[in-house]
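Enquirer: Build me a structure from this.
(chains A and B)
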Amino acid sequence: MSATHEQTLIEKCRNGETAAFGPLIKIYRKQLFSYLLRLSGNREDAEDLFQETLIKSWRGIKKYSELQKFSSWLFTIAHHTAMDKLRKRNRETMITETEPDKLSHTNDPHKELIGKEIRNKIQRAVEFLPFKQKEVFLLRVNSGMSFKEIAQATNEPLNTVLSHMHYSVKKIKRLLWSENE
Amino acid sequence: MSNDEKMICKEFENEVYLFMDNNLSMDRKENWKQHLNKCKTCSSLLNEVEVVINQTREELTDDILESKYDRMIEQAVQKKRFKIIEWLFPQGTVKEKYAFSLKLAVVGTLATIAIVISLTTQRTNTVKTISNELLDWEGKKITSQINEIKNTINLIHEDNWDKQMILLDQRMKNLEKESDKFSFN
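Expert: This is a model prediction of the structure:
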């Protein structure tokens, strides 16, 4: 999907063309949903957060500025939505209650079979991360935002964000490598 | 590996993410590129980081059903509703829908209490009552005077035309005076 196509869809949405909103969000749908799913820990919450993100982004699209990448803007909304919601709930409970197998949802049984083991390992590794580290790691993985943008979205200094990323990658690496041995 | 080399590698470890983001000066980036060509430790570190990120992205990608997505988009682009409507009928979210019956029960109870209170409380308007009483009392007085004048008019036909006219004139004047008292101007 070209940047020009994305820009055209953004313009249409700004002009109130509701039909352009679906195709625009669809560009980032999987990454966005995956991010919310990993962060919240269950599909039901992730769907609620996804819906709220859609509502907020549609209402705010007229204020969107091209100075920022659309994906970064969208993920920042998703991030704040998730943080607001998660703060209201018992965060620890949400994280520990996560059941890796139930998070998976794919219609491809072949891929499911091959990737299940490694997928569960990565999933478990991510689940074990402290919340702040997980937040930064998932934003980077799913949104592709730069660390500078992540720092802005999370209201953290750049060095703190880099430190979170450093430790999360180190932990995931250790968990994956040690389990593979 | 010398201590200097170790220091350089440690420095790269600290800057690896900025290097990936192109968030370094041109010179600095060029220096690291040259270093990576000859340092196995740093090049494997960069490779491992990229593997972890890419593999996580690949393995942990999920999606929602197309029909559900379409429904969510449809709800998102709906016109903004009033806050009270939003409160009573929350959009889209699954859990909040369960709260609807509770909200309805609360609103219903409050409405019932309001109706019961309004029906049982006796409403009195003292100003209106006093005003009516005053009007009734003055009205009776004026009616009796009008009746008196009517009687006098009846007598005019019989006799003492002049006398009766003077009497009538006086009474009319009295009546005007009385009515002036009630003038609101």
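
Enquirer: drop to CA atoms for contacts and neighbour counts, all remaining ones
Expert: Will do.

Enquirer: For A:E66, which three-state class applies?
Expert: Three-state assignment for A:E66 (DSSP: H, G, I helix; E, B strand; the rest coil): coil.

Enquirer: For chain A, which segments count as helices?
Expert: A:3-14, A:21-26, A:29-40, A:43-60, A:70-88, A:91-96, A:100-103, A:109-127, A:131-138, A:147-154, A:158-180 (DSSP state H).

Enquirer: So which of these is the most surrounded?
Expert: Highest mean neighbour count of the helices of chain A: helix A:29-40, a mean of 24 (counted as mean count of other Cα atoms under 10 Å in any protein chain shown).

Enquirer: That helix vs helix A:131-138, what angle?
Expert: 170 degrees (axes from the mean of the first three to the mean of the last three Cα atoms, to 10 degrees).

Enquirer: residue ranges with poor pLDDT in the chain?
Expert: As the question left the chain open, I've gone with chain A. Chain A contains residues with pLDDT under 70 at A:1, A:90-115, A:178-181.

Enquirer: wait, chain B
Expert: Ranges of chain B meeting pLDDT under 70: B:80-98, B:122-137, B:155-160, B:181-185.

Enquirer: So for the residue of it found nearest chain A, what's the nearest residue that isn't a sequence neighbour?
Expert: Of all residues in chain B, B:A76 sits closest to chain A, at 4.3 Å by Cα to the nearest Cα. Once flanking residues are discounted, B:A76 sits nearest to A:I55: 4.3 Å by Cα to Cα, 6 or more residues apart in numbering or on different chains.

Enquirer: any idea how far A:G16 is from B:S44?
Expert: 49 Å (Cα to Cα, to the nearest Å).

Enquirer: Sorry, slip of the keys, the one I care about is A:R174.
Expert: A:R174 is 15 Å from B:S44, by Cα to Cα.

Enquirer: same check, this time on A:K26
Expert: The value you get for A:K26 to B:S44, if Cα to Cα is used, is 35 Å.

Enquirer: quick one on the thing from earlier: I'd guessed the residue of chain B closest to chain A sits against A:D48; true?
Expert: No. With contact defined as Cα atoms under 8 Å, B:A76 does not count as touching A:D48 (12.0 Å).

Enquirer: Compute the number of surrounding residues for the residue lying closest to A:W73 once chain neighbours are set aside.
Expert: Nearest residue to A:W73, sequence neighbours excluded (Cα to Cα, 6+ apart): A:Y64, at 7.6 Å. By other Cα atoms under 10 Å in any protein chain shown, 15 other residues sit near A:Y64.

Enquirer: do B:N23 as well
Expert: 15.

Enquirer: residues contacting A:S57?
Expert: A:L74, A:I77 (Cα atoms under 8 Å, 6 or more residues apart in numbering or on different chains).

Enquirer: Just give me the residue closest to the centre of chain A.
Expert: A:Y35 (2.2 Å; Cα atoms, centre = their mean).

Enquirer: Might you report the residue contacts of it?
Expert: Applying Cα under 8 Å, 6+ apart, the residues near A:Y35 are A:L138, A:L139, A:N142, A:S143.

Enquirer: which of these are close to chain B?
Expert: Applying Cα under 8 Å from any Cα of the partner chain to the contacts of A:Y35, one finds that A:N142 fall near chain B.
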